[in-house]
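Trainee: need a 3D model of the sequence below.
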Amino acid sequence: MFDLSDDWVWDFWVADDGTSYHLFFLKAPRSLGDPELRHRNASVGHAVSTDLTSWTRVADALDPQPAPAFDDLATWTGCVVRADDGTWRMFTTGLSGAEEGLVQRIGASTSTDLMTWQRDPRPLLEADPRWYATRDNGAAETHWRDPWVCRDESGTWHLYATAQAAGTTQAVVAHAASDDLQAWTVQPPLSAPSKRFAWAEVIRLHQLDGRWVMLFSCLAEHMPLDPPGAGGVWAVPVDGPGAPVNLDLATRVTDEELYVGKLITRRDGSSRFLAFRNLDTAGQFVGGITDPLPVEWLPGGLGVRLVDRHPVSASSVE
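Mentor: Sure thing, here's the model as predicted:
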């Protein structure tokens, strides 16, 4: 697995340049003492691999911007895609100290080599209060995070984000669209407000054996109708990028021991599941990213499951 001795490691995303896989991950100093403090002290680290298993750490990708800025407090989860001109664009979540981290916005950075990033100091996307819960329409916090960007067959780019429906604490699949990865239009959510999930975190779409599946994560503390420990990583079939989603049809892929599960396509066309280690048997935060695990569709295609589950080692990477 991938872990660091001096930093907690949790949410992550992967880009493939054709030669190396690039792992971008949230990290925060273990010297903070309490792992719950990591969220307001997060920056984006970077490691590379040729096999998704053995990783070499390289220079960090992004730190919070100097104040004042929309992301001067912390930088949270995002994704990386390649534009038609060959440049890479990273979409991330930003929190501002001026708002005590209570408003989440989505920003963007660009790179020609995945190693050095040029940050746009302005936020790219903000939650639209017509459809999404914001502080402007009475919510305690504006949830607008974890951007995931993918493209449909017509060439339109779709951005998915974690949000709640306006006037509620119910999860929806937030949506924006773009023709060029630069000018975005916030759209109504792709789902009805969930009756089960208050959050649908770190959404990711993936084609597994020719069919689309959407993965997201939610812990039991944000599932008010379910018992303790009922959360984890979830999967629901979809028709493709930009298609409607029914969150309440999701099936569980893992329990709360793992979180932020993602499917990664290897160069042989097969898919592998990665996640970060969330809780140990005592319910304490662990951190670190698993080795890749094989995955398959459930019978009937209602979700996905791990084919194999091997114990992860405690080794670290420096």
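Trainee: use CA for all of it now, contacts and neighbours both
Mentor: OK.
Trainee: ok, residue 152 - contacts?
Mentor: The contact partners of residue 152, by Cα atoms under 8 Å, 6 or more residues apart in numbering, come to 158, 240-242.
Trainee: one more time with 7 Å
Mentor: For residue 152, the contact set (Cα atoms under 7 Å, 6 or more residues apart in numbering) comprises residue 241.
Trainee: show the model's pLDDT score for it.
Mentor: We note a pLDDT of 97 for residue 152 in this prediction.
Trainee: do the same with residue 64
Mentor: 89.
Trainee: what's the closest non-adjacent residue to it?
Mentor: The shortest distance from residue 64 to any non-neighbouring residue, by Cα to Cα, 6 or more residues apart in numbering, is to residue 72 (4.8 Å).
Trainee: do you know the pLDDT at the spatially most central residue of the chain?
Mentor: The chain has residue 202 as the residue nearest its centroid, 3.1 Å off, counting by Cα atoms, centre = their mean. pLDDT for residue 202: 98.
Trainee: wouldn't it be in contact with residue 232 here?
Mentor: No. With contact defined as Cα atoms under 7 Å, residue 202 and residue 232 do not form a contacting pair (11.9 Å).
Trainee: shared neighbours of the two, anything?
Mentor: Contact with both residue 202 and residue 232 is made by residues residue 217, according to Cα under 7 Å, 6+ apart.
Trainee: that older thread, assumed the residue nearest to the centre of the chain was part of a strand.
Mentor: Yes. Per DSSP: H, G, I helix; E, B strand; the rest coil, residue 202 lies within a strand segment.
Trainee: quick one: contacts for it?
Mentor: By Cα under 7 Å, 6+ apart, the residues touching residue 202 are 146, 162, 216-217, 260.
Trainee: which stretches in the stretch 51-200 of the chain count as helices?
Mentor: Assigned by DSSP state H, counting those that start in this stretch, the helices in the stretch 51-200 of the chain number zero.
Trainee: can you give me the strands for it?
Mentor: 56-62, 74-82, 88-95, 104-111, 118-119, 145-151, 157-164, 171-178, 184-187 (DSSP state E, counting those that start in this stretch).
Trainee: the fourth one versus strand 145-151: what angle between them?
Mentor: On the basis of axes from the mean of the first three to the mean of the last three Cα atoms, to 10 degrees, strand 104-111 is oriented at 50 degrees to strand 145-151.
Trainee: what's strand 104-111 packed up against?
Mentor: strand 88-95, strand 118-119, strand 145-151 (3 or more Cα pairs under 7 Å, 6 or more residues apart in numbering; DSSP states H and E).
Trainee: as TSV, those strands with distance to residue 279 and mean neighbour count would be great.
Mentor: Shown next, in TSV, are the helices and strands packed on strand 104-111 (distance: least, Cα to Cα, whole Å; neighbours: other Cα atoms under 10 Å):
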stretch	distance to residue 279	mean neighbour count
strand 88-95	24	24
strand 118-119	33	15
strand 145-151	21	25
